[in-house]
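Student: Please work out how this folds:
(chains A and B)
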Amino acid sequence: MRVGVITFPGSLDDRDALRAVTLAGGEAVSLWHGDHDLGGVDAIVLPGGFSYGDYLRCGAIAAHSPIMSEVIDAANKGMPVLGICNGFQILVEAHLLAGGLIRNDHGTFIRRDQKLRVENVDTAWTNKYTLGQEITIPLKNGEGGFIADDETLKQLEGDGLVAFRYLEVNPNGSLNDIAGLRNKRGNVVGLMPHPEHAVEPGFGPDTADRMQSGVDGLAMFQSILSATVLS
Amino acid sequence: MTEHIPDTVENAAATPEKDQPYHLLGLKPDEYQRIRDILGRRPTSGELAMYSVMWSEHCSYKSSKVHLRQFGQKVSPEMTKHLMVGMGENAGVVDIGEGWAVTFKIESHNHPSYIEPFQGAATGVGGIVRDIISMGARPVAVMDALRFGAIDHPDTNRVINGVVSGISFYGNCLGLPNIGGETWFDPVYQANPLVNALAVGALRHEDLHLANAKGVGNLVVLFGARTGGDGIGGASILASDTFAEGGPTKRPAVQVGDPFAEKVLIECCLELFAGDCVEGIQDLGAAGISCATSELASNGDGGMFVTLDNVLLRDPTLTAEEILMSESQERMMAIVRPEKLDAFLAVTTKWDVEASVLGEVTDTGRLVIEWKGQTIVDVDPRTVAIDGPVYNRPMEYPAWLDALQADSPAKFDRATGGDELKKQFLAILGSPNEADTDWITNQYDYYVMGNTALHTPDGAGMIRIDEESGLGVALATDANGRYCQLDPYLGAQLALVEAYRNVASSGATPMAVSDCLNFGSPENPEVMWQFARAVEGLADGCLELGIPVTGGNVSFYNQTGDVPIHPTPVVAVLGSIDNVARRLPSGWQDDGENLYLLGVTHDELGGSAWAGAVHNHLGGLPPRVDFDSEKNVAGLLSAAALEGLVTSATDLGTGGFLRAVTDGVLRFGVGARVWIDEIMDRDGVDSTAALFSETQARVLVSVAREDDVKFRGLCDGRNVPVLRVGVTDSTSGVLEVQGLFDIPVAELARVHRGTLPAHFGPVVGG
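Tutor: Next up, the predicted model:
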């Protein structure tokens, strides 16, 4: 399984995403925003960062970068696409996922180990979790407040498209505690917290058992290895 | 609008009597005369601009140079063994083995951070990171050492919010983990906060780059952001003045940062290095093009020809002098072989980074700058960049110091029972300088890059450098202005041993030092005495410990009105560790482990947190420094970490023994029972000293039961005094100080974590 990670100008967690793919057992492929070429990959990760300096709106410019026309085509044909943080914002700006992401309600950037509940396991990126599983992965963003109009929100909930929900603490004022979404087909998933920062023992969040040993994000990258392209 | 007519060399020679505003640019009459003597004529306005910024205190180190020389003189062979590049370059470079080197440096951005806290702090991070890139390294982490005014002063809220969000904004957007630092509050910093930013980078030995312009005919290329009107004269004017109330606003003089441009510049530079496109490189910081051209030329073949018209401008109305002085951020200057230019431009184009060829390296020994077809600068670059004025400023033993040192905290009655000691302890724990800094650090990303092995609240930050072998580096910054006020010589050494011990407590071996020396006005002889003593102390201390100073920065004129700050020499120590998997956190996680105190305790409470928080007192003498004991304890920790004999190590610093125990408890929320009877018996101290004394060379470690015998054997073998002082308890939820008092862990956390949010707003999820 070849998993591509796209680097935009201002991508920051691209190396982390490549490492996560490798640790999960996949073949990590680096892709460049300026190319019109997906390099024959089987799945795509849009990593975290501040693509194009977050000018205009977070993810807005990246959503129109050259490679995104291929990504959107592929996603519409069923290729698995994961957007993390800024990647989630790009997916929303590209209308592959619903809603919008705005400045955190408390107004500042926040980095914390965030508890989430897995709300949906019928996707290319979450099938290694169990439904309702509680996981802890790092969150770090300034503009992670999920918003949508009432109708969209109702539809997201009604169609079961919420992939992850914040538990215990809502760190940014997201409506309905929404931390991540899936599309109807289940091939596209986006979330604000960072699963790629919880994949390697010794470099993840603290756990009750051992410091920095949290690897709850790894299942997301393992999920894709067993997922077939959802056509 | 009349067109600005540049002042040419020809014109300068023809009009020697022209009145020049050198004093407004911060130059003294004798300095101006010296420029005239060097040139054999009056300087052109462009030359005057260059000399004025490059001869400013900030760029020339004219008041500090005579003292800083000690760092190069007090050196043993042991200290240079691993040093690849020493002081004088953009940043020092240390060989950490396996073909890897690291470069690190700490630098101040104090004055801009008071005027415009957000941009001042942000560009402070940007500047130090460019220093690291200039050495050919990939930046891998940042830290920040911050000092603010009184926590309850109305203006502190403005400054701390701006500074922290500026660091957060810039550092997070660069994708650099922020792994540590320190925060102090004291009224002496009220109108003069200290913002010291550290960056560390990693490189393979063969990738080392230096700032020199060699090879006649090689091209001088300016790339990165366009040049605008930011910070014109900022370096000299901002760094030479203090903030007289009611003066004109200096707001426009602070530069504005764009971390996105810098992030792209980092990746672009690393690709240029990898493609061997660059012969020499220099970042543009203070004094902009003036500094880059004169330094590159001075360190190379000695000559350079530049056409200033080729500088890409954000503001086309800038004059030649303004272009020379502009401090627009996110710019670099490279020396490129002509045949490599196409490859160079291919990389910059890929990253959408603008570049323009300004000129070429010559062997004339002159830096010649043309503007609109006329020569506006023609100087020997060494006279601008290297041979600036050097002052041996008058020094005077402070008139008030004897009285301050005589005012010992011994005059205070000691607590007599557990209740009073508990009250004092909680007062210390919640005091602004001992309080938890989550409110600050949870605005920083420490996860990015995936190599962070230790971070706040651990005493040192640690980064994995080699993902295969686990080779890594640890870093800590420390300074205690209160100690330094009492004795700047000892105070500087105390900062050094504290940072050294923090690094050793992480399991790493200390290797090198960078310093950021923050002081008042060098024109005040008492301040100059403090500075000289601090530098001497630091240089002597480094020689004792066998670790070199590899670089740093001096910041003078830190004062409000006539009142200088406490001398604040911030010392950063870097260490290496073979495998970060063997790191030690600053707290215990398991039940039933033994707690051991390494080192002995004296009654040393002068300048302590106890004196400050309980008695609002600063006086007496700071703790003594014992380098042999420090080395002994550090060696033991390194050996114990290697053999896996200790599970955590917490250095004893401000607040003393009980403060370290609290760190250990709160790191993972695991309680403990501790006792001090044996400390009191063995060391002949009372309960106040046992709990709160700040005696150095002490570390608290936790040891699993099965390693007990081996650990005690290791201590005996290395002659490190050791006492069993407690046991961890994961079920009680309590810190019990046997025979004195109990405190629930939840209450400890509440007191420790409540202070900053009470003043600056809630912590998310806190």
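Student: Mind giving me the packing neighbours of the helix or strand hosting A:Leu156?
Tutor: Assessed by DSSP states H and E, A:Leu156 sits inside helix A:150-158. Using 3 or more Cβ pairs under 8 Å, 6 or more residues apart in numbering or on different chains; DSSP states H and E as the contact criterion, helix A:150-158 has no neighbours among helices and strands. C-betas here are computed from N, CA, C, even on glycine.
Student: List the contacts of it.
Tutor: Applying Cβ atoms under 8 Å, 6 or more residues apart in numbering or on different chains, the external contacts of helix A:150-158 come out as A:Ala98, A:Gly99, A:Ala148, A:Leu161, A:Val162, A:Leu175, A:Asn176, A:Ile178, A:Leu181.
Student: Distance from the chain centre to the following helix or strand past it, please.
Tutor: Note on helix A:150-158: by DSSP H and E, the next helix or strand toward the C-terminus is strand A:162-166. For strand A:162-166, the distance between its averaged C-alpha position and the chain's averaged C-alpha position is 11 Å (Cα atoms, centre = their mean, to the nearest Å).
Student: same check, this time on stretch B:527-542
Tutor: That offset, for stretch B:527-542, works out to 17 Å (Cα atoms, centre = their mean).
Student: Flag every residue of the stretch 501-650 of chain B that's near chain A.
Tutor: Counting by Cβ under 8 Å from any Cβ of the partner chain, the residues of the stretch 501-650 of chain B lying close to chain A are B:Val580, B:Ala581, B:Pro585, B:Gln589.
Student: Now compare those residues and name the two farthest from each other.
Tutor: Set against one another by Cβ to Cβ, these have their most distant pair in B:Val580 and B:Gln589, with a gap of 17.4 Å.
Student: out of the two, which sits in the more crowded spot?
Tutor: Higher neighbour count among B:Val580 and B:Gln589: B:Val580, with 26 against 21, using other Cβ atoms under 10 Å in any protein chain shown.
Student: what about the more buried one, distance to B:Gly507?
Tutor: Remark: distance between B:Val580 and B:Gly507 (Cβ to Cβ, to the nearest Å) = 9 Å.
Student: And B:Ile428, by the same measure?
Tutor: B:Ile428 sits 28 Å away from B:Gly507, taking Cβ to Cβ as the criterion.
Student: the more surrounded of these two?
Tutor: Here B:Ile428 and B:Gly507 are compared on neighbour count by other Cβ under 10 Å; more neighbours surround B:Gly507, at 30 against 27.
Student: that's a helix at that one, yeah?
Tutor: No - assessed with DSSP: H, G, I helix; E, B strand; the rest coil, B:Gly507 is coil; it does not lie in a helix.
Student: Is B:Phe305 in a helix, a strand, or coil?
Tutor: Reduced to three states by three-state DSSP, B:Phe305 is strand.
Student: Could you do the one 10 residues further on as well?
Tutor: Using three-state DSSP, the secondary structure recorded for B:Asp315 is coil.
Student: Give the burial count for B:Leu208, as a bare number.
Tutor: The burial count for B:Leu208: 17, using other Cβ under 10 Å.
Student: Next, the contact list for A:Pro193, please.
Tutor: Here A:Pro193 is in contact with A:Ile84, A:Cys85, A:Gln114, A:Leu116, A:Ile137, A:Pro138, A:Leu139, A:Phe164, A:Ala179, A:Gly180 (criterion: Cβ under 8 Å, 6+ apart).
Student: bridging residues for the nearest residue to it once chain neighbours are set aside?
Tutor: The spatially closest residue to A:Pro193, leaving aside those adjacent along the chain, is A:Leu139, at 4.2 Å (Cβ to Cβ, 6 or more residues apart in numbering or on different chains). In this structure, A:Leu139 bridges to A:Arg112 when assessed by DSSP bridges.
Student: I'd assumed A:Phe109 was in contact with A:Leu139.
Tutor: No - A:Leu139 is not in contact with A:Phe109 according to Cβ atoms under 8 Å; the separation is 10.6 Å.
Student: Name the residue in the two with the higher neighbour count.
Tutor: With neighbours defined as other Cβ under 10 Å, A:Leu139 and A:Phe109 compare such that A:Leu139 has more, 27 against 23.
Student: residues touching that one, list them.
Tutor: With Cβ under 8 Å, 6+ apart as the criterion, the residues that contact A:Leu139 are A:Ile110, A:Arg111, A:Arg112, A:Asp113, A:Gln114, A:Pro171, A:Ala179, A:Met192, A:Pro193, A:His194.
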